[in-house]
Structure formats: C-alpha cells, structure tokens
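Novice: here's a sequence, model it:
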Amino acid sequence: QVQLIESGGGQVQAGSSLRLSCENPARAMNLRILSQLIVGWFRQAPGNEREFVASLNWDGSAEYADSVKGRFTVSRASTRTTVYLQMDDLKSEDTAVYYCAQRHVTKNSFESWGQGTQVTVSS
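Specialist: Next up, the predicted model:
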C-alpha cells in the first residue's frame, strides 16, 4: 500500500504562513484512479486526538474544519499527485504534527497515512 509523504513543516511566528505538501509517490497512478481519491489533512497536537483539518475532492471541492476556515486552503498541483495545504495567519493553537491521507470515494476511512510533518507556531 502506498504511503503518502508530507513536507513543508517548520517553526514560525504567529501570523506567518506555511505551505505543506502531500505527495503520492505512486506517480504511475492513472487519472481514473486519482479521480476517485479524496485527500485529507489531519493534525495531532500533544495530548490531543488526531483531528480533521481539510479535505480535497478531485473536482476541486474542499471541506475545512471550522477552526481553520478562512485561513487554510487546500489545493492540488498541476502534476495531480501532490496536494497542498496553504496555512495563513497561523496561531499557536495550530501547533501540531500534520498528516495527510487518502480514501477512495466508496470508502469511509482514510488510509495511506504519511509520517507527518511538525508545525510549531510561537506567539
């Protein structure tokens, strides 16, 4: 099973921006399969459960957690195999390990979880 690869995390000041990337290393995956996958971003802060952040469908429609609406934007690269999470106006409460995962449109659970990338926001 393919494992997605996250990158782009770092340590920034409150109010700054970061862009995370989620790459599907299965570059040979055909467009028909890609069109059936939903990519999700999640995060887990110390002592907390993993929570949903955002998700992107093939048609470009997206969903966001209330806590990030208006500040985070999820999009897909022209290569179709990379999904970005643009994070603006970061707050200290955004500090967490960020993960991406994918699920087939016919399934309820996400899989192919990456190793995660750390985002630390200092106030």
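
Novice: quick one: pLDDT of the spatially most central residue of the chain?
Specialist: Nearest to the geometric centre of the chain sits Trp41, at 2.9 Å (C-alpha atoms, centre = their mean). If you check Trp41, the pLDDT there is 98.

Novice: now the element after the strand or helix carrying it, going C-ward?
Specialist: In the assignment (DSSP states H and E), Trp41 maps to strand 37-44. Once the chain leaves strand 37-44, the next helix or strand it forms, by DSSP H and E, is strand 51-56.

Novice: neighbouring strands for the very next helix or strand once past that next one, and are they parallel or not?
Specialist: Of the helices and strands lying after strand 51-56 in sequence (DSSP H and E), the nearest is strand 62-64. Neighbouring strands of strand 62-64 in its sheet, by DSSP bridges, are strand 51-56 (antiparallel).

Novice: buried residues in the strand it pairs with?
Specialist: 53-56 (16 or more other C-beta atoms under 10 Å). C-beta: built from backbone N, CA, C; applies to glycine.

Novice: same check on stretch 115-123?
Specialist: Buried residues in stretch 115-123 (16+ other C-beta under 10 Å): 116-117, 119, 121.

Novice: select the helix or strand of the protein having the lowest average pLDDT value.
Specialist: Here the helix or strand of the chain ranked lowest by mean pLDDT, DSSP states H and E is helix 31-34, holding a mean of 73.

Novice: ok, Phe110 - contacts?
Specialist: For Phe110, the contact set (C-beta atoms under 8 Å, 6 or more residues apart in numbering) comprises 40, 42, 101-103.

Novice: from those, list just the buried residues.
Specialist: 40, 42, 101-103.

Novice: confidence score at the residue lying farthest from the centre of the chain?
Specialist: Distance from the centre of the chain peaks at Ser123, with 23.0 Å (C-alpha atoms, centre = their mean). We have a pLDDT of 90 for Ser123.

Novice: also Met29?
Specialist: For Met29, the model assigns a pLDDT of 63.
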